[in-house]
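*Asks:* No sequence on hand, only this structure:
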């Protein structure tokens, strides 16, 4: 009979971290925090100011922008993972309530958010028929959708920035602790 190691049985999964945490606050709290209001406000303001159709914005501006976000986030997350393998950063992570999972899964959350925002922004390009005319007026639905989509772009921008910031902080931690060890 063939046996294999089951690492996943010993380590908390991303979803466990996301919903319950691994000693510190759950991962979803990194999204549902005080900044969520700012993303909503930005989404509302941009929805009020931009008069171009969502499909046009998605095709000509935002999907290329999201490609940049994906590139930035993946490259910096790769750098962060390399840094997380250093003894200095591992020692700092061991001191944190949630351990190393807080670092690794936070980068994974950034990537999940950016990929989700890309998928959601593809929907206006698909041209689905509006199916809720009697329950919810098209104009109201369209405005709420615009607010949500523009707010999600703001969230993706923040996540991309935080992936870069997180990798830089890990680098600074490693350099500082490396110097103090000498």
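*Replies:* That came through, no problem. Predicted, not measured: the structure shown is a model, and the values here were computed from it. Numbers count the residues shown, from 1 in each chain.

*Asks:* tell me the centre residue of the chain?
*Replies:* By Cα atoms, centre = their mean, the chain has its centre lying nearest to residue 110, at 2.6 Å.

*Asks:* tell me which element it is part of?
*Replies:* helix 100-126 (DSSP states H and E).

*Asks:* helices or strands up against that helix?
*Replies:* Using 3 or more Cβ pairs under 8 Å, 6 or more residues apart in numbering; DSSP states H and E as the contact test, the elements touching helix 100-126 are helix 14-19, helix 54-57, helix 63-84, helix 87-95, helix 138-181. Placement of C-beta: from N, CA and C, glycine included.

*Asks:* buried residues in the second one?
*Replies:* Taking 16 or more other Cβ atoms under 10 Å as the basis for neighbour counts, the residues of helix 54-57 that come out buried are 54, 57.

*Asks:* Output the below-cut-off pLDDT ranges for this protein.
*Replies:* Along the chain, the model assigns pLDDT under 70 to residues 1-9, 133, 135.

*Asks:* still on that earlier bit, pull the contacting residues for the residue nearest to the centre of the chain.
*Replies:* 73, 77, 159-160, 162-163 (Cβ atoms under 8 Å, 6 or more residues apart in numbering).

*Asks:* Which one of these is nearest to residue 12?
*Replies:* Comparing these against residue 12 with Cβ to Cβ places residue 77 closest, at 19.0 Å.

*Asks:* ok, the residue nearest to that closest one when sequence neighbours are not counted - contacts?
*Replies:* Leaving out its chain neighbours, the residue that sits closest to residue 77 by Cβ to Cβ, 6 or more residues apart in numbering is residue 107, at 4.3 Å. Counting by Cβ under 8 Å, 6+ apart, residue 107 touches 77, 80-81, 163, 166.

*Asks:* Redo those residues as a markdown table? Include distance to residue 14 and neighbour count.
*Replies:* Converted to a markdown table, these look like this (distance: Cβ to Cβ, whole Å; neighbours: other Cβ atoms under 10 Å):
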| residue | distance to residue 14 | neighbour count |
| --- | --- | --- |
| 77 | 13 | 20 |
| 80 | 16 | 23 |
| 81 | 14 | 15 |
| 163 | 16 | 26 |
| 166 | 16 | 19 |
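
*Asks:* Between the residues you listed, which sits nearest residue 182?
*Replies:* Here the nearest of the contacts of residue 107 to residue 182, counting by Cβ to Cβ, is residue 80; it sits at 23.8 Å.
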